[in-house]
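Student: Quick one, what's the 3D model for this:
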Amino acid sequence: MNQQSRGRHLIAADRAFATGGGLLARLFGGGFHRILDRIDAGLLEGGIDATLPDGSHRILGGRAPGPMPVVRLHSWRALVRLISSGSVGWYKSWALGEWSSPDPVPLFDLFMRNGESLGEVARAKGIWRGVNRAAHLLRRNSKSRARANIAFHYDLGNDFYRAWLDPGMTYSSALFEAWEESLQVAQERKIRALLDRLHLKPGQHLLEIGCGWGSLAEIAARDYGVHVTGLTLSAEQKAYADERLRAAGVSEQVSIKLIDYRDVVGEFDAVASVEMVEAVGQDYWPSYLQTIARVLKPGGRAALQLISIKEELFDAYAASADFIQTYVFPGGMLISEPRFQAMAELAGFSWRDRRGFGLHYAETLKRWRERYDAAVKEGRLPPGFDPRFHDLWRYYLMYCQGGFRGGGIEVAQVTLVRT
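Tutor: Residues are numbered from 1 along each chain as shown. Just a heads-up that it's a prediction; the model follows:
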């Protein structure tokens, strides 16, 4: 990896795939207050304290309690990008300095909280929706494409993630008992909560689909006494996991394999998978569930941690590609939990003991951003990442934090029992 250009493939994603609505912004300069009127009408909770490009001030919404972010529009183009290319255009506009806020998190919370009532106002439309959607489909997680999609995000480098994740290198929502406890403690609680769903016995064989840097595999082998096969498509993750498991003295119990989940063979007593199904994409939900059903022993259990978007928002969300899919997780898609549950039941599973904890993810993302900012300030990130990348990464963490705070996105653990 070129140390002078790390992460630039994320920054350049819009040049290859996404439209920010810039052409439309240049062609059509009128009607901006009508756009603001439409946003105002769609804000049923909370509002926006807005300063406009001409220096005037306007409150949008504000008719019911909710977030009240402060936003400064420096250019009318920001609105045109928003209504033409949705969250992709809104990020592009922020990166270009066309709008700013002292704290964007409440704004993302507000947009999510009012997602249904805002309707199409802040979503990609027309040709821009088609372009974004077509680009996303080109990067869907077929077996030939999945490895490249994983490398796009995770092969930014173990040294990059180590600088701001918790010491256990767990890149998924923590589960807090108290908000003041450490991130590492909350992450280990999450892992144990998931493993406890499996009723594991020493000597059994656990399959982990999407093993990350090996935090769950280490705890399962060391504290539950099981054998673990972990799957990843990231060469960076496998190298890190292999080394940590050797250092922990459990390498004889754990095998990390660099293979696609669809290619796994064998029979397992249990399956664990943490925030993996969102990475496979809607077209591959059936194959993901069929793989679990195929490898589980009769009566076996699978424990999943998954991220979903509200059912009422899913169809509009799925019709295009949003900021996350364009810049951060190519090929990914949040699930519709009712639809995924129905597929799981068709695959022969009973759906049990669901527990949602979306606000815990908001707190996790807040901690990650604080740790990331500290790493940048203290010079602990590896060389090669420029300020534009840092801005993109902060925006990603703030965008997700606001989504969970607004309640339109949820994280949950669920147990699937093979019937």
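Student: Tell me the helix or strand right after the helix or strand bottoming out on mean pLDDT in the chain.
Tutor: One helix or strand of the chain scores below all others by mean pLDDT, DSSP states H and E: helix 22-27, with a mean of 48. The C-terminal neighbour of helix 22-27 among helices and strands, as given by DSSP states H and E, is helix 32-42.
Student: Identify each buried residue in that next one, please.
Tutor: For helix 32-42, a neighbour-count test (16 or more other Cβ atoms under 10 Å) marks Phe32, Leu36, Arg38, Ile39, Asp40, Gly42 as buried. The C-beta positions use only the backbone N, C-alpha and C, and glycine is treated the same way.
Student: Downstream of it, the next helix or strand is which one?
Tutor: strand 47-51.
Student: Would you reformat the buried residues of helix 32-42 as CSV and include pLDDT and distance to Ala321?
Tutor: Output for the buried residues of helix 32-42, formatted as CSV (pLDDT from 0 to 100; distance: Cβ to Cβ, whole Å):
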residue, pLDDT, distance to Ala321
Phe32, 87, 26
Leu36, 94, 26
Arg38, 92, 23
Ile39, 94, 22
Asp40, 96, 27
Gly42, 95, 22
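Student: so which of those comes closest to Gln341?
Tutor: Gly42 (29.7 Å; Cβ to Cβ).
Student: hey, where'd the helices end up in the stretch 251-400 of the chain?
Tutor: Using DSSP state H, counting those that start in this stretch, the helices of the stretch 251-400 of the chain run over 277-280, 285-295, 311-318, 323-327, 337-346, 358-377, 387-405.
Student: now the strand ranked longest in the chain against helix 285-295, angle please.
Tutor: Counting by DSSP state E, the longest strand found in the chain is strand 296-309. Using axes from the mean of the first three to the mean of the last three Cα atoms, to 10 degrees, the direction of strand 296-309 lies 150 degrees away from that of helix 285-295.
Student: picking that back up, same list (the helices of the stretch 251-400 of the chain) but as CSV, adding mean neighbour count.
Tutor: Converted to CSV, the helices of the stretch 251-400 of the chain look like this (neighbours: other Cβ atoms under 10 Å):
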stretch, mean neighbour count
helix 277-280, 23
helix 285-295, 19
helix 311-318, 15
helix 323-327, 26
helix 337-346, 16
helix 358-377, 19
helix 387-405, 21
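Student: just to revisit the earlier point, what residues of the longest strand of the chain count as buried?
Tutor: Leu296, Gly300, Arg301, Ala302, Ala303, Leu304, Gln305, Leu306, Ile307, Ser308, Ile309.
Student: Then stretch 260-270?
Tutor: Asp260, Tyr261, Arg262, Val264, Phe268, Asp269, Ala270.
Student: what does stretch 44-60 give?
Tutor: Neighbour counts over stretch 44-60 (16+ other Cβ under 10 Å) mark Glu45, Gly46, Gly47, Ile48, Asp49, Ala50, Thr51, Leu52, Pro53, Leu60 as buried.
Student: tell me the average confidence for that stretch?
Tutor: When pLDDT is averaged over stretch 44-60, the result is 96.
Student: and if you look at stretch 369-386?
Tutor: Here the average pLDDT along stretch 369-386 is 94.
Student: Next, count neighbours for Gly31.
Tutor: Per other Cβ atoms under 10 Å, the neighbour tally for Gly31 reads 13.
Student: So for it, what's the pLDDT?
Tutor: So Gly31 comes in at 76 (pLDDT).
Student: circling back to that earlier point, what comes into contact with the longest strand of the chain?
Tutor: The contact list for strand 296-309 (Cβ atoms under 8 Å, 6 or more residues apart in numbering) reads 172-173, 190, 194-195, 197-199, 267-278, 292, 317, 334-337, 340, 349, 361, 408-418.
Student: same deal with stretch 358-373?
Tutor: 163-165, 173-176, 179, 183, 186, 307, 393-394, 397-398, 400-401, 404-405, 407, 409-411.
Student: swap the cut-off to 7 Å and go again
Tutor: 164, 173-176, 179, 183, 393-394, 397-398, 400-401, 404-405, 407, 409-411 (Cβ atoms under 7 Å, 6 or more residues apart in numbering).
Student: any low-confidence regions in the protein?
Tutor: Within the chain, the segments meeting pLDDT under 70 span 1-5, 7-30, 123-155.
Student: do that again at 50, thanks
Tutor: 1, 15-19, 21, 23-29, 127-128, 136, 138, 142, 144-147, 149-150 (pLDDT under 50).
Student: still on that earlier bit, report the two of the buried residues of strand 296-309 separated the most.
Tutor: Gly300 and Ile309 (28.9 Å).
Student: The stretch 101-250 of the chain: strands as residue ranges?
Tutor: 205-209, 227-231 (DSSP state E, counting those that start in this stretch).
Student: Give the buried residues for the first one.
Tutor: Neighbour counts using 16+ other Cβ under 10 Å place His205, Leu206, Leu207, Glu208, Ile209 of strand 205-209 among the buried residues.
Student: Just send the strands of the stretch 101-250 of the chain back as CSV, with distance to Glu98 too.
Tutor: As requested, those are exported to CSV (distance: least, Cβ to Cβ, whole Å):
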stretch, distance to Glu98
strand 205-209, 41
strand 227-231, 42
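Student: can you tell me how far Leu334 sits from Pro53?
Tutor: 34 Å (Cβ to Cβ, to the nearest Å).
Student: and if you look at Leu231?
Tutor: Separation of Leu231 from Pro53 (Cβ to Cβ) stands at 50 Å.
Student: wait, which of the buried residues of helix 32-42 is closest to Phe389?
Tutor: Ile39 (30.1 Å).
Student: so that closest one makes contact with Gly119?
Tutor: No. Taking contacts as Cβ atoms under 7 Å, Ile39 lies outside contact range of Gly119: 10.7 Å.
Student: count of residues packed around Pro102?
Tutor: When neighbours are counted by other Cβ under 10 Å, Pro102 comes out with 9.
Student: excluding its backbone neighbours, what's nearest it?
Tutor: Distances taken as Cβ to Cβ, 6 or more residues apart in numbering place Val70 nearest to Pro102, at 5.9 Å, with adjacent residues excluded.
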